[in-house]
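J.: here is a sequence with its predicted model. Questions after.
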2 protein chains.
Amino acid sequence: MATMGNQLISNVFKALAHPTRIQIVKLLRNGELCVCDILPNLDSEQSNTSQHLAVLKNQGIVESRKDGSKVIYSLKNEEVCAMIDLAEAIILRQIEETKASLLK
Amino acid sequence: MATMGNQLISNVFKALAHPTRIQIVKLLRNGELCVCDILPNLDSEQSNTSQHLAVLKNQGIVESRKDGSKVIYSLKNEEVCAMIDLAEAIILRQIEETKASLLK
DNA sequence: TTAGCATATTAGATTTATCTAATATGCTAA
DNA sequence: TTAGCATATTAGATAAATCTAATATGCTAA
């Protein structure tokens, strides 16, 4: 199996390396949403949110379609959800470990 | 199930958001290695590599133990490998899609 | 048309990550 | 001990990501 460029791989992680973008993915996990419905769920300005959406789109994590004057975003793949779940598992392990070391 | 801070989650992605760190994880996938065996496989200076290893360690992705004057690193969890595999899957899909759009 | 809403884009300031080079630490063997 | 190897740490320079504020675009309805 051919090996893939680590630069490309790290770009995917980079796209997910921001709390706002994680939040966006989590929102879209329940189904597609227009920007106007995403915005009130974030602590981020409109223009900033638009930039974060562009980052996710550039990495093929989300896609968008127009509906009148609105733009509707959705997850483009299932993998990204699995990646977030795995990240959570890593964190939980760290927390358990910290807890255990405090009890020693 | 309680939801976890997006900041914590994004920190895990941040730790993997660099080609050198991806390379390190891939090397460790085959088993533990001392720094002296990691170094020649990277395009990175010794001090820089040491910093990258510290980033991975801080996020609970790798762990280390001393063996004489050497330090041996290993993966601390399985999840990180799965995350990289998923990232590759996302990229492959993107590539296929680009290919398809060129043929249209 | 034109006004207004929805979203995107841009430029510049600020923050954060990365790299380099130098130095420090800690072990081992002579 | 002391010299040398293996690794880590630090400071500062450079590069990249992020945010803010302003403006642009494109659709819709009056």
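T.: Yep, it's here.
J.: so for the helix or strand where A:Leu102 lies, what gets flagged as buried?
T.: Per DSSP states H and E, A:Leu102 falls inside helix A:79-103. Neighbour-count burial for helix A:79-103, with 16 or more other Cβ atoms under 10 Å in any protein chain shown as criterion, is recorded at A:Glu79, A:Val80, A:Met83, A:Ile84, A:Leu86, A:Ala87, A:Glu88, A:Ala89, A:Ile90, A:Ile91, A:Gln94. (Glycine included, C-beta is placed from N, CA and C.)
J.: so A:Met4 sits right up against B:Ile91, yeah?
T.: Yes - contact criterion Cβ atoms under 8 Å: A:Met4 and B:Ile91 qualify, at 6.4 Å.
J.: by contact count, what packs against the helix holding A:Leu102?
T.: Applying 3 or more Cβ pairs under 8 Å, 6 or more residues apart in numbering or on different chains; DSSP states H and E, one finds that helix A:79-103 makes contact with helix A:19-28, helix B:6-15, helix B:79-103.
J.: out of the ones you listed, which gets nearest to DNA strand C?
T.: DNA strand C lies closest, by Cβ to the nearest atom of the strand, to one member of the helices and strands packed on helix A:79-103: helix B:6-15, at 5.6 Å.
J.: just the CA atoms of the closest one, as PDB, please.
T.: The C-alpha trace of helix B:6-15 is given here as PDB (Å, rounded to 0.1, in the frame of the first residue of the first chain):
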ATOM      1  CA  ASN B   6     -13.800  21.400  22.600                       C
ATOM      2  CA  GLN B   7     -10.700  23.100  23.700                       C
ATOM      3  CA  LEU B   8      -9.300  19.800  25.000                       C
ATOM      4  CA  ILE B   9     -10.300  17.900  21.900                       C
ATOM      5  CA  SER B  10      -8.700  20.500  19.600                       C
ATOM      6  CA  ASN B  11      -5.500  20.200  21.600                       C
ATOM      7  CA  VAL B  12      -5.200  16.600  20.600                       C
ATOM      8  CA  PHE B  13      -5.700  17.500  16.900                       C
ATOM      9  CA  LYS B  14      -3.200  20.300  17.300                       C
ATOM     10  CA  ALA B  15      -0.600  17.800  18.600                       C
END
